[in-house]
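1. okay, here's the prediction I keep looking at, along with the sequence it came from:
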Amino acid sequence: MKSAWQSLAGLLSGLGRATLFLFQLLAATPHALARPRILIRQLYMVGTLSLVIIVVSGSFVGMVLALQGYRTLSGFGATASLGIFVAFTVVRELGPVVTALLFAGRAGSALAAEIGLMRATDQLSGMEMMAVDPLRYVVAPRFLAGFIAMPLLTAIFSVMAIGVAGGYLIGVSLLGVDPGAFWSQIHANMHPLDIWQSMFKALVFGAVITWIAVYQGYHAAPNSEGVSSATTTTVVASSLAVLGLDFILTAFMFR
Amino acid sequence: MPDIPFLKHAMAVDDNLVKIRGLRFGYGRGRLVYDGVDIDIPRGCVTAIMGPSGTGKTTLLRLIGGQWRPTAGTVEFDGVDVHRQGRRDLYALRRRMGMLFQNGALLTDLSVFDNVAFPLREHTTLPESMIRDLVLLKLDAVGLRGARDLAADALSGGMARRVALARAIALDPEMVMYDEPFTGQDPISMGVLMRLIRTLNDALGLTSIIVSHDVAEVLSISDQVYILSGGKVVAQGTPEAVRGSTEAHARQFLDGRHDGPLAFQYPAPLLAQDLGLGAVS
Ligand SMILES: Nc1ncnc2c1ncn2[C@@H]1O[C@H](COP(=O)(O)OP(=O)(O)OP(=O)(O)O)[C@@H](O)[C@H]1O
Ligand SMILES: [Mg+2]
């Protein structure tokens, strides 16, 4: 009984510390904008280096959706709606969510490990002793880069899944859906609001994943075990956070 | 002013850059690392801090730099209490201190050159050409001008520490804290570094704190020595005084004997007890 209370108290105080950390981090972000070179390097690290996995996954998700959608829709004689079926699924759900899960595994874990290792090798203390705030120099640029990269990666994932290599390729080239119908259905039924909501989800997920990653790395115990547990916790916690938040955001957006 | 002892002595009495009073400190709820120590670091002198491994020498430097907060007592740097400063003032104080970390603590994603340039770029608005000259001069002093383009994680331990030394003095601080600068240095670099530390101190009027286990070397370049053990100062004074000291702790440490008041073992139960060899009273 007591230990349940203790773990609840531990969870709450952890959340409190993480929130405090977020405020300190946000206060440091203007300084990150003042150092564009570091920001660009971090955008490359979290964004460009995640491109391959995003492009490949987007294509496969789109292809599978087209196959499954075709089977379902042909039962109702509605295969002309394949385009909008794929597009809604990707834009509303799978685009932001799958991108976020991949991002947590690829970029979030790398961020946590990198910052944790800097902690373990005294690089963060060294900076503090040189009167350079590691929050400004190390953490804020990485946070900002994750925040910026997630919507872009989500957009790329969605385009791959619906158009270039996924839905269109399978639906039109393989299954013989009329290309005119494929696009015109999307054009007629997809609203800009859908896309804005998709981007909003991506922004929220990006912020939460990078927040968890930099928090875990920054507070990692200064040894190899600390770094590995920071990495694992980042992937597990941010994946769960993404799925939970997706439910909440969806419930509010698509009432 | 190493050769005017009485002047130095007068300064030591009047003018301490760092003044530690009644310092108590322990990590978390663990054992006390410091249990009431007073230490003075006189301006313009080289002060050596020695003591068995794990006594808290690194901890002391971090306390002076304001990275840890003492449980009781004060640390003053140039008359200001380090632990009563806001963040901005603390950072301003730190800009006047240079610190060489025990393991170098170089930024691994930067080159050797960029590591030494780092504090200059962060804290000055000097043009890049001048930064280049300054960095090359500092690197030259530690013999690594030719290594400027190497990645920081491609250095040996001794080289990394020398780069870290160049970085610690990049901003021409008033005080430099060297944490084990001689570890992992070959005899040649060791000699150069010793002379460098002494020369920097005298030519630029710095104040230096050296933490080191190399007794003979450190005694030969320092003006004042503290030997710490068990959270206390066990001996202090000029190198001559400490060398000739009959105080038991100091003697044991300087002679490197394993029997004496200083325990070689970290506090532990008797060995026989730990190994389960029957009843030991
Ligand atoms: N971050 C920390 N958390 C908890 N305990 C610590 C921490 N850092 C050091 N200690 C403990 O504090 C004591 C002093 O450590 P410190 O690193 O200051 O020793 P040291 O005198 O520099 O030793 P060495 O000569 O081996 O470098 C040690 O017993 C160590 O176990
Ligand atoms: Mg040490």
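-> That came through, no problem. Note that the coordinates shown come from a computational prediction; the quantities given were computed from them, not determined experimentally. Ligands and ions are numbered 1, 2, ... in the order given.
2. residue B:173: what secondary structure?
-> coil (DSSP: H, G, I helix; E, B strand; the rest coil).
3. wait, what's in contact with it?
-> Residue B:173 makes contact with B:95, B:96, B:97, B:98, B:206, according to C-beta atoms under 8 Å, 6 or more residues apart in numbering or on different chains. The C-beta positions use only the backbone N, C-alpha and C, and glycine is treated the same way.
4. the last one contacts residue B:171, correct?
-> No. Shown here, residue B:206 and residue B:171 do not form a contact pair, counting by C-beta atoms under 8 Å, at 11.8 Å.
5. ok, so of the contacts of residue B:173, who is nearest residue B:22?
-> residue B:97 (21.7 Å; C-beta to C-beta).
6. give me phi/psi at that closest one?
-> Phi and psi for residue B:97, reported as degrees, to the nearest 10, are phi -120, psi 140.
7. which residues touch the closest residue to it other than its chain neighbours?
-> Once flanking residues are discounted, residue B:97 sits nearest to residue B:175: 5.0 Å by C-beta to C-beta, 6 or more residues apart in numbering or on different chains. Taking C-beta under 8 Å, 6+ apart as the contact definition, residue B:175 lies against B:17, B:18, B:41, B:77, B:96, B:97, B:98, B:206, B:207, B:208, B:209.
8. bridge partners for residue B:175, pull those for me.
-> Per DSSP bridges, the residues bridged to residue B:175 are residue B:97, residue B:207.
9. pLDDT score assigned to the closest residue to ligand 1 within the stretch 151-255 of chain A?
-> Using C-beta to the nearest ligand atom, residue A:222 is the residue of the stretch 151-255 of chain A that sits closest to ligand 1, at 6.9 Å. In this model, residue A:222 is scored at 90, pLDDT.
10. pretty sure it sits against residue A:120.
-> Yes. Residue A:222 is in contact with residue A:120 according to C-beta under 8 Å; the separation is 4.4 Å.
11. so for the two, which sits in the more crowded spot?
-> residue A:120 (18 against 15; other C-beta atoms under 10 Å in any protein chain shown).
12. against residue A:135, how distant is residue B:168?
-> 22 Å (C-beta to C-beta, to the nearest Å).
13. please disregard the earlier target; I meant residue A:172.
-> On the measure of C-beta to C-beta, residue A:172 and residue A:135 end up 50 Å apart.
14. can you give me the strands for the chain?
-> The chain I'm using is chain A. Here chain A has no strands by DSSP state E.
15. wrong one, I was asking about chain B
-> B:16-26, B:32-42, B:46-50, B:72-77, B:80-81, B:97-100, B:175-179, B:207-211, B:224-229, B:232-237.
16. which residues of the stretch 51-200 of chain A lie near chain B?
-> Residues of the stretch 51-200 of chain A lying near chain B by C-beta under 8 Å from any C-beta of the partner chain: A:118, A:121-123, A:125-133, A:137.
17. for chain B, which residue gets nearest to ligand 2?
-> residue B:58 (3.1 Å; C-beta to the ion).
18. next, the contact list for that residue, please.
-> B:102, B:179, B:211.
19. repeat for residue A:138
-> A:115, A:118, A:124, A:127.
20. closest one to residue A:233 out of those, please.
-> Scanning the contacts of residue A:138 for proximity to residue A:233, where the rule is C-beta to C-beta, the winner is residue A:115, at 12.9 Å.
21. tell me if I'm right that the closest one and residue A:218 touch.
-> Yes. Judged on C-beta under 8 Å, residue A:115 makes contact with residue A:218 at a distance of 5.5 Å.
22. any residues in contact with both of these two?
-> Joint contacts of residue A:115 and residue A:218 (C-beta under 8 Å, 6+ apart) are A:124, A:139.
23. looking at the two, which has the bigger crowd around it?
-> The residue with more neighbours, out of residue A:115 and residue A:218, is residue A:115; 26 against 20, by other C-beta under 10 Å.
24. against residue B:229, how distant is that one?
-> Distance from residue A:115 to residue B:229, by C-beta to C-beta: 36 Å.
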